[in-house]
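Visitor: Pasted the sequence and its predicted model underneath.
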Amino acid sequence: MVSWIISRLVVLVFGTLYPAYSSYKAVKTKDVREYVKWMMYWIIFALFTTVEVFPCRFVQWLPFYYELKIAFVVWLLSPYTKGSSVLYRKFVHPTLSSKEKDIDEYICQAKDKSYDTLVHFGRKGLNVAATAAVMAAAKVTHIIDLDSVS
């Protein structure tokens, strides 16, 4: 059985570093077919990485979990199986296409809310800092006044 560290190393090298270098080569050579292939891979890999984080703690004890994870990454990369392309074309693209308007609207709302929240907490933080500075200055002034009386 493969350990966590070996699985992590294989996924890191073959799931991240090799595709990153191949993506670099596709961009450098301006090969559109390779570029599209690697974009599909990165979309699938990002979804896999995101989804895999949550159940990982509950299923990692299953026999051959790490072997299956390695096999999945190899399947995604394989030029023979074209796993990432298959998943992208059959599931991801149709799903995102049908939900694209809703997702864009949600992202726009999230941006607006996050900006408003950032401004709100930024103002609160500045108010707290200003109050603390005024109180510290008042204490210093009070101490100086007490020293001059003595």
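Guide: Structure received. Predicted, not measured: the structure shown is a model, and the values here were computed from it. Numbering: from 1, shown residues only.

Visitor: CA atoms for contacts and neighbours, from now on please.
Guide: Noted.

Visitor: For whichever strand or helix holds Ser114, the averaged confidence score.
Guide: Element membership for Ser114, per DSSP states H and E: helix 93-149. For helix 93-149, mean pLDDT rounds to 82.

Visitor: Relative to the whole chain's centre, how far out is that helix?
Guide: 23 Å (Cα atoms, centre = their mean, to the nearest Å).

Visitor: Pop the domain breakdown of the chain in here.
Guide: Domains of the chain are assigned by automatic domain parsing as 4-81, 99-150.

Visitor: and those domains, which is most packed in?
Guide: Here the criterion is mean neighbour count by mean count of other Cα atoms under 10 Å, and of the domains of the chain the winner is domain 4-81, at a mean of 14.

Visitor: distance between that one and the chain's centre?
Guide: 15 Å.

Visitor: Need the three-state assignment for Ala20.
Guide: helix (DSSP: H, G, I helix; E, B strand; the rest coil).

Visitor: distance of it from Ile107?
Guide: The gap separating Ala20 from Ile107 is 27 Å, by Cα to Cα, to the nearest Å.

Visitor: quick one on the thing from earlier: okay, the domains of the chain in CSV with distance to Arg89 next?
Guide: Formatted as CSV, the domains of the chain follow (distance: least, Cα to Cα, whole Å):
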stretch, distance to Arg89
domain 4-81, 9
domain 99-150, 15
